[in-house]
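Student: what's the 3D shape of this:
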Amino acid sequence: MGWIARHFDYLIFAALTLSGLSYLYILLTRNRRHDSKSVVRYDIPSEETVSFDPNEKPKKKEPKINVLEVFDYNGIKIMHENGMYTVNHAGEIQVYGSWQELPSRYQAMVKEMDKSSVGQKKKGNYYMEVLNGTYYVIFPDGKKHKYPKFEDIPEKIRKALGY
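Tutor: Purely as a prediction, here's the structure:
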């Protein structure tokens, strides 16, 4: 009987131990990569000046204003944030850097939502806005009613809305 046959159990144990340690090493070091796979990158230049003058009076720092608008047009979500437009259409997300880059189809949707939100909607129609999961129905006379669920909206009004 050879040496390998006598120590076969120890060789199997050593091979399993080595593979287990290798697997543990891969698990622990795999998440340390810092590759950013984000679609959107914000490269905002800092507002601080490079030169330092000790006699300079501190300026009043104006608060940075973030504009955030979210439009939901029949399931197509368009988000406007600081000049960038993010469109979620059927789960496909596209980012556009400016209003000019936004396709005309989406521009028309945003314009229609803007008109309806400032009250320039057609008379005699119902209009619905969804904000944070709450349904707001604007009646033809201009009154706004709040509904916590879509099913709570009366069927007559849902039909008038096109649902």
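
Student: can you give me the helices for the chain?
Tutor: Remark: helices assigned in the chain by DSSP state H are 3-6, 8-29, 104-117, 155-161.

Student: Could you take the ones you listed and lay them out as CSV, with extra columns for distance to I138, mean neighbour count and mean pLDDT?
Tutor: (Each C-beta comes from the backbone N, C-alpha and C, glycine too.) Converted to CSV, these look like this (distance: least, CB to CB, whole Å; neighbours: other CB atoms under 10 Å; pLDDT from 0 to 100):
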stretch, distance to I138, mean neighbour count, mean pLDDT
helix 3-6, 84, 8, 80
helix 8-29, 54, 10, 91
helix 104-117, 8, 14, 77
helix 155-161, 10, 13, 84
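
Student: Distance to F139 for those helices - can I get that in a markdown table?
Tutor: Listed next are the helices of the chain as a markdown table, based on distance: least, CB to CB, whole Å:
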| stretch | distance to F139 |
| --- | --- |
| helix 3-6 | 87 |
| helix 8-29 | 59 |
| helix 104-117 | 13 |
| helix 155-161 | 8 |
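
Student: do you know which of these lies nearest V95?
Tutor: V95 sits nearest to helix 104-117 of all the helices of the chain, at 12.0 Å, using CB to CB.

Student: That closest one packs against which elements?
Tutor: Other elements packing on helix 104-117 under the criterion 3 or more CB pairs under 8 Å, 6 or more residues apart in numbering; DSSP states H and E are strand 68-73, strand 76-81.

Student: Isn't K144 up against Y135?
Tutor: No - between K144 and Y135 there is no contact, the gap being 10.7 Å when judged by CB atoms under 8 Å.

Student: out of the two, which sits in the busier spot?
Tutor: It is Y135, of K144 and Y135, that has more neighbours when counted by other CB atoms under 10 Å, with 18 against 10.
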